[in-house]
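>>> quick one, what's the 3D model for this:
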Amino acid sequence: MPEQGSARPLKREKGTVRKAFLAAFPHTIPILAGFTVLGMSYGVYARAAGFSFWYPVVMAVVIFGGSLEFVAVSMLLGAFAPVQTFLMALMIQARHLFYGISMLERYRGMGWKKLYLIYAMCDETFSINCAVRAPEGVDEGWFMFFVSLLDQCYWISGAAIGAVLGGVIPFSTEGLDFAMTALFVVIFLEQWLKEKKHYTALIGVGGAAACLLLFGADSFMVPAMGCILVLLTAFRKPIERGME
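Next comes the predicted model:
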């Protein structure tokens, strides 16, 4: 029989995990609403493109990058181009490099949870874990772990529901692939309204428009991302002074 004292640490650990889950869940409720709707649209879109139920679900687990998953549907249906696919994926998700750098100190000493926190980071999870501190008496590592886990579960569930519905109910998918575009337009407008100086937004719009004219609609994305990166790096100090 186990010693009486050995059961106490286990009970204490369970209490710590439960408290962290209960503290994290309310902060993820807005993400639940958004990810369920977007995930469903992604699942329906993938099924309409000819993929089986498992494709959107597995991609939701493995990729867990909403915009990249929408793009992955068209890339999987296109010609085999591993280099272009890699560069496209890198450019679309490159912002996560900066997310990760800013969270290095927060993730320090998290043990095995650190690996999942890095893997499951997305825009919405980063926003919560960066801005919200665990309540007093709640373990911060478990708190951020459950924020990340719940957000990913919402996306996977939405994709699974959409994949099921897309297989049994006929949907008109006209305009459905515009869901992520609409999301990014809203994010862009929010950032525009928050900033007093619009240097970065103008660089983004101008660089993308120039590359669209030069390379065409089918090949402008990667050059546009590279152009924006170069311009932001070159004018970093003037932009920072303008923001100040």
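>>> shaky segments in the chain?
Scanning the chain for pLDDT under 70 picks out 1-13, 170-184, 186-187, 190-191, 194, 240, 242-244.
>>> what helices and strands are in contact with the longest helix seen in the chain?
Secondary structure assigned by DSSP state H gives helix 4-48 as the longest helix of the chain. Packing partners of helix 4-48 (3 or more Cβ pairs under 8 Å, 6 or more residues apart in numbering; DSSP states H and E): helix 54-62, helix 66-77, helix 123-131, helix 140-168, helix 179-194. All C-beta spots, glycine's among them, are computed from the backbone N, C-alpha and C.
>>> quick one: that helix to helix 66-77, angle?
With axes from the mean of the first three to the mean of the last three Cα atoms, to 10 degrees applied, the angle from helix 4-48 to helix 66-77 works out at 50 degrees.
>>> picking up where we left off before, out of the helices and strands packed on helix 4-48, the one nearest M225 is which?
The minimum distance between M225 and those falls on helix 66-77, with 12.5 Å, by Cβ to Cβ.
>>> quick one: contacts for the spatially most central residue of the chain?
By Cα atoms, centre = their mean, the chain has its centre lying nearest to C122, at 3.1 Å. By Cβ atoms under 8 Å, 6 or more residues apart in numbering, C122 lies in contact with 64-66, 96, 151-152.
>>> L193: neighbour count?
For L193, the count of nearby residues is 7 (other Cβ atoms under 10 Å).
>>> kindly report the same for V138.
A total of 18 residues lie near V138 under the criterion other Cβ under 10 Å.
>>> could you find the closest non-adjacent residue to F126?
Spatial nearest neighbour of F126, chain neighbours left out: Y99 (4.7 Å); criterion: Cβ to Cβ, 6 or more residues apart in numbering.
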